[in-house]
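# Could you look at this predicted model? Sequence included:
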Amino acid sequence: MMSKTNQQVSTFRVHPSLAIIKYWGKQDSVNNLPATPSLAFNLHGLYTETSVTLTDAQDRVLVNDQLADPPRYHQFFDNLRHVLGQDVHFDAISTNNFPTSAGLASSASGFAALTCACVKAAGAFLSPETLSGLARLGSASAARSLFGGFTLLPAGAEHAEQIFPEDHWPDLRVLIVQVAKEKKSISSRNAMEQTRLTSPYYTQWVASSQNLVQDAIAALEVRDLDRLGPIVRLSTMRMFGSMLGAEPPIVYWLPSSLVILRMCEDLRQKGISAWETMDAGPQVKILCEASDVATIESTIQDILPEATVLHSQPGGPPEEVAL
Ligand code: PMV
């Protein structure tokens, strides 16, 4: 048999997926199906770049030069081999141009890039929906990163879908306020299971998400930030409400996160549309219009000079990198 090593490397760049309506909790933890619908867009300018070669040895994933947690990848690779119908193994080298495991959705871009690069390295061509379903087994938010523009991952769905294209809202911007660079204390995977199993608020959180997503899609369709913003905030806060009710409670926020949340409220009082959202980490993402970026950024620098601010906007789908 011909050796699988020394074959051509396949490299993909994929953006992380920022949820404006949050996925938090699994309907089926074996198949990694989400309990809540999520609505998201890819973050332009931030990306994971993953290169894969086929190997005769075991599957291996290096993320930023560190061996990634193997048990998490077993099911992902086994399913990939099953769908490809090939008994192949993968050697992957992945880097992020933004902080890893810090609440910036590196697992979304990571598993999406890994999926694309493995499938290409194996010489297969699969539809974006199939790729999205494969990525979902690694991380449900990764199912969304497979598409550019605005994406929906319905509750219980096997794959995400694009609902508006990348150029749907050209003036929408997001400022990512990085208040800390260290890794999160508890992974989103473990934290959402802890919430599901122990929080009395979990059931209400799941039930309320369905209405929120419909309202958010309607606001998104007409590009109305002052209508969308309060819905995004509700989804964020209800998600954290469910976490605070867990035993033990899950708290990702830092004092500096609260400083930025309060700043958004103050800016809105002054007529500037700055709508905050947060994920499984202390960073705050602020949705705004392009014309307000400079004012919001200078306000952040005044009140929290140590924070790093990244600029982003809705981004595109995975891209193959020609080496
Ligand atoms: O897909 P995971 O396990 O990285 O979970 C993502 C959870 C949140 O980022 C908090 C919300 C979301 O929908 O992206």
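All right, it came through fine.

# can we go C-alpha only for contacts and neighbour counts from here?
Fine.

# Am I right that P34 is in contact with A142?
No. If you go by Cα atoms under 8 Å, P34 and A142 don't touch, sitting 11.7 Å apart.

# Between the two, which is the more surrounded one?
A count of neighbours by other Cα atoms under 10 Å puts A142 above the other of P34 and A142, at 33 against 24.

# What's the separation between that one and P314?
The gap separating A142 from P314 is 16 Å, by Cα to Cα, to the nearest Å.

# residues from the stretch 201-323 of the chain in reach of the ligand?
With Cα under 6 Å from any ligand atom as the criterion, the stretch 201-323 of the chain meets the ligand at residues 279-280.

# residue of the stretch 201-323 of the chain with the smallest distance to the ligand?
Taking Cα to the nearest ligand atom as the measure, the stretch 201-323 of the chain has D279 as its residue closest to the ligand, at 4.0 Å.

# My read is that that residue contacts L104, right?
Yes. In this structure D279 lies within contact range of L104 using Cα under 8 Å: 7.4 Å.

# could you list every residue that touches the one residue in the stretch 101-250 of the chain that gets nearest to the ligand?
When you check the stretch 101-250 of the chain against the ligand by Cα to the nearest ligand atom, the closest residue turns out to be S141, at 3.8 Å. Residues near S141 by Cα atoms under 8 Å, 6 or more residues apart in numbering: 17, 23, 105, 107-108.

# just checking: which of the residues you listed also lie near the ligand?
Under the cut-off given by Cα under 6 Å from any ligand atom, the ligand has 23, 105, 107-108 from the contacts of S141 close to it.

# What is the most widely separated pair among those?
Among the ones next to the ligand among the contacts of S141, the pair separated by the greatest distance (Cα to Cα) is Y23 and S107, at 13.4 Å.

# how about the helices of the stretch 1-150 of the chain, start to end?
Read by DSSP state H, counting those that start in this stretch, the stretch 1-150 of the chain holds these helices, from start to end of the chain: 70-84, 106-121, 128-138, 142-145.

# How about the stretch 201-323 of the chain?
For the stretch 201-323 of the chain, the helices identified by DSSP H, counting those that start in this stretch occupy 202-221, 225-244, 255-269, 293-303, in order along the chain.

# Could you check how many residues crowd around R60?
Neighbourhood size, R60 [other Cα under 10 Å]: 18.

# Is it bridged to anything, and to what?
D91 (DSSP bridges).

# quick one: it and the ligand, what's the gap?
From R60 over to the ligand the distance is 20 Å, taken as Cα to the nearest ligand atom, to the nearest Å.

# and what of Q27?
13 Å.

# how about the residue lying closest to that residue once chain neighbours are set aside, phi and psi?
For Q27, the nearest residue in space outside its immediate sequence neighbours is A35; the separation is 4.2 Å by Cα to Cα, 6 or more residues apart in numbering. Dihedral angles phi and psi of A35 (degrees, to the nearest 10) take the values phi -90, psi -20.
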